[in-house]
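Starting from these lines, generate the structure:
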Amino acid sequence: MQSSFDYDLVIQGAGSSGCVTALLAHRCGLNVAIIDKSSKGTFRGNAHYLNAYSLELLSQCGLDMDRLARLATPETYAFCMAYGLSLNHIVHTLNLLDDPSIQSQYQSIGRFGAALNVPFSLIHQDLVALIEKQHIPILWESEITTIDEGNHSVIVTTSNEKATREITAHYLIGADGAQSGIRELCFLPPKINTHDFFINVEIMSDLSSMITDPAMLTWIINPSFPSCFVMHQINGHQNIQIPVFIEKNLSYANDSQWVKRYIAETLGVKNAEYTLIRSQPWVVTTHCMETMRKDWIFLLGDSSHTLTPAGGLGLNTALGDVANLIWKLSVSLNENSNKKILDSYQLERAPVNRDAVNQSLKNFNDFKSIAKSFFLPPSLSVPWKKTLSYCMPASKHAIETILSAGYQYSMNGLLQIKPFKRQFARKLEHRLERTRQHFNGIGSHLGYRIDSDWIINSNRSSNFSIGDYVPSLDSGSLWLSNEIRIIQSNNSLLEVFQYGHWVALLFHEDYTLEAMLNEKKNLRSFLQHRDFTVQDNLDITQSCVLIRPDFFIAYVGDTTLNDEVLDLLAQVN
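Numbering: from 1, shown residues only. Now for the predicted structure:
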């Protein structure tokens, strides 16, 4: 690595993507430092859905995956979604794993399953501990305030502005969130779209006595007290996501009486025992940067794109940025390496991020449309909440109470009428079919493909698909089939991955390719046909498969195309 700089890589932001960036960079041999304007114990958000790809990356960071599994929402309700008037008055529940095809997919994808639901705030403390164990410096309560692009230097200022220091680095990454300071200093501002206003309430409680069929997500459809209840643990950590519709109402996050009343109405039990952890305003915005790099400065995660919370796309998209970039930074610092590899970061990730933002918006609108099945058009919510905001507190309280009780009484009565109940059930099932694919998440997180010079024979469309995902050897596919087994150990090929290194599979004798493969230092594993086996149901005709360090697959499907493999291998040190 270059020795003329203090660090190979400086990262601003010690959130989820910043911590994973630091650990993967350290694994690749980079000298890394992190700068974060918050204190060490700062709460780092409510993201919780981790797909198979993100779980693999966390494993590559050195995280204890057994502990992660213990922290996760139990599988019995981790993929359940319910709808009701309150938590103790559920109308309908859907469990994705009741579908045999989905259950089969979830059980066969990845080393750690297709997905886990774990509050990332719990994972974050383990990542920080790993960073400290690796002696990676973190400058807490500090921020980069000046960047000298010509000299690769930054000025770091402490939060109290009592101290500054200059640091030089070969590369700088802005992983500092939606209000990125690095983006503000070096890039044109993005167009930020505001979609909705929420208050997020976090509680700890034991609900096992009042809930017999728990669900990860429960949509509370009540005109006075609508919400989405996120049950990470039936006895433990829970979140209530409350739509307040207009910005003025975000101030209710600081109104303890309002918060307590909302919790009681959501639970459906006035005297329920719980511990209130925090109540915070939350503005749902989206943006997507088309420019993610400026010379030696890069953006990733929320500094580059923000998504709606629908479908769990945000965190996984951010970690996808990290995986794509870090090995390329490492390779670029090697002597005689191909520096053009850095151009591929933006070319590969920008289309994926753009499609993820659009998909999250579609998911968000579909989830909001659920209210239509309960005869509560969302379009009425904003003017109604605006009207209520001008009422005196006592009047507002009375109106909401009457409306809530009246609505629940009316719905209970109507559901006793069989023709109405049948019609209502049909409408609800229709809505469930529209939303279940977003709640599923397999296709949206893993099913996309990319086009790039770093993908061989990339002739597939890069269209984002939320359709059923099948592990694949297709060019540019994000995930590798776990049906490929190493003969000697009978382990999945996934077991031989090491972030930062390539893997090559040679299916047929080809002495030119074999000689080239043997020369490559960055090939961690070179396996010939006698070393591995593929189940018969996979159509394997390739003479050589190259698997990139971020698990994207580059392959050639015909021996006449071996020049493409050789050209790509020539760029792999």
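
going forward, measure contacts and count neighbours with C-alpha atoms only.
Noted.

domains of the protein?
In terms of domains, the chain is parsed into 7-72+99-189+286-365, 193-285+367-440, 447-570 (source: automatic domain parsing).

May I have the distance across the second one, first residue to last?
In terms of Cα to Cα, to the nearest Å, the two terminal residues of domain 193-285+367-440 are separated by 26 Å.

next one: stretch 291-306
End-to-end distance (Cα to Cα), stretch 291-306: 14 Å.

One more: stretch 225-234?
Start-to-end, stretch 225-234 (Cα to Cα) is 21 Å.

contacting residues around that stretch?
With contact meaning Cα atoms under 8 Å, 6 or more residues apart in numbering, stretch 225-234 is reached by 72-74, 78, 117-119, 205-208, 214-221, 237-243, 262, 265-266, 404.

In PyMOL, how would I select the buried members of these?
Here is the PyMOL command that selects the buried residues among these (16 or more other Cα atoms under 10 Å):
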select buried, resi 72+73+74+78+117+118+119+205+206+207+214+215+216+217+218+219+220+221+237+238+239+240+241+242+243+262+265+266+404
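
Cross the contacts of stretch 225-234 against strands and list the overlap.
Members of the contacts of stretch 225-234 lying in strands (criterion: DSSP state E): 117, 205-206, 217-220, 237-243.

Name the nearest of the residues you listed relative to Leu315.
Asn117 (11.8 Å; Cα to Cα).

Excluding residues flanking it in the chain, which one is nearest the closest one?
Nearest residue to Asn117 in three dimensions, chain neighbours excluded: Tyr49, at 4.7 Å (Cα to Cα, 6 or more residues apart in numbering).

Please apply the same query to Ile263.
Per Cα to Cα, 6+ apart, closest to Ile263 is Ile240, 7.8 Å.

For stretch 338-346, buried residues please.
338, 341-342, 344-346.

quick revisit: which two in the ones in strands among the contacts of stretch 225-234 are spaced the farthest apart?
Farthest apart among those by Cα to Cα are Asp206 and Pro243. That separation is 24.1 Å.

What score does the residue nearest to Ile263 have for pLDDT?
pLDDT recorded at Ile240 is 95.

what's the distance between it and Ala253?
12 Å.

Identify the contacts common to the two.
In contact with both Ile240 and Ala253: Asn200, using Cα under 8 Å, 6+ apart.

elements contacting the strand or helix carrying Glu184?
Using DSSP states H and E, Glu184 sits in helix 181-186. Under the contact definition 3 or more Cα pairs under 8 Å, 6 or more residues apart in numbering; DSSP states H and E, helix 181-186 sits against strand 142-148, strand 164-174.

so what does the shortest one touch, helix or strand wise?
With contacts taken as 3+ Cα pairs under 8 Å, 6+ apart, strand 142-148 sits against strand 32-35, strand 153-158, helix 181-186.

how about that strand: buried residues?
In strand 142-148, counting by 16+ other Cα under 10 Å, buried: 142-144, 146-147.

ok, now the last one?
Along strand 164-174, these residues count as buried under the neighbour rule (16+ other Cα under 10 Å): 167-174.

Longest helix in this protein, please.
The longest helix of the chain (DSSP state H) is helix 343-368.

how far does that one sit from the chain's center?
Mean-position distance between helix 343-368 and its chain equals 12 Å (Cα atoms, centre = their mean, to the nearest Å).

Tell me who's in contact with Tyr252.
Counted by Cα under 8 Å, 6+ apart, Tyr252 has contacts 199, 258-259.

What about these, which are in strands?
Ile199.

By neighbour count, which of the contacts of Tyr252 wins?
In terms of neighbours by other Cα atoms under 10 Å, the contacts of Tyr252 top out with Ile199 at 24 neighbours.

What about Asn316, how many residues nearby?
Neighbours around Asn316, by other Cα under 10 Å: 24.
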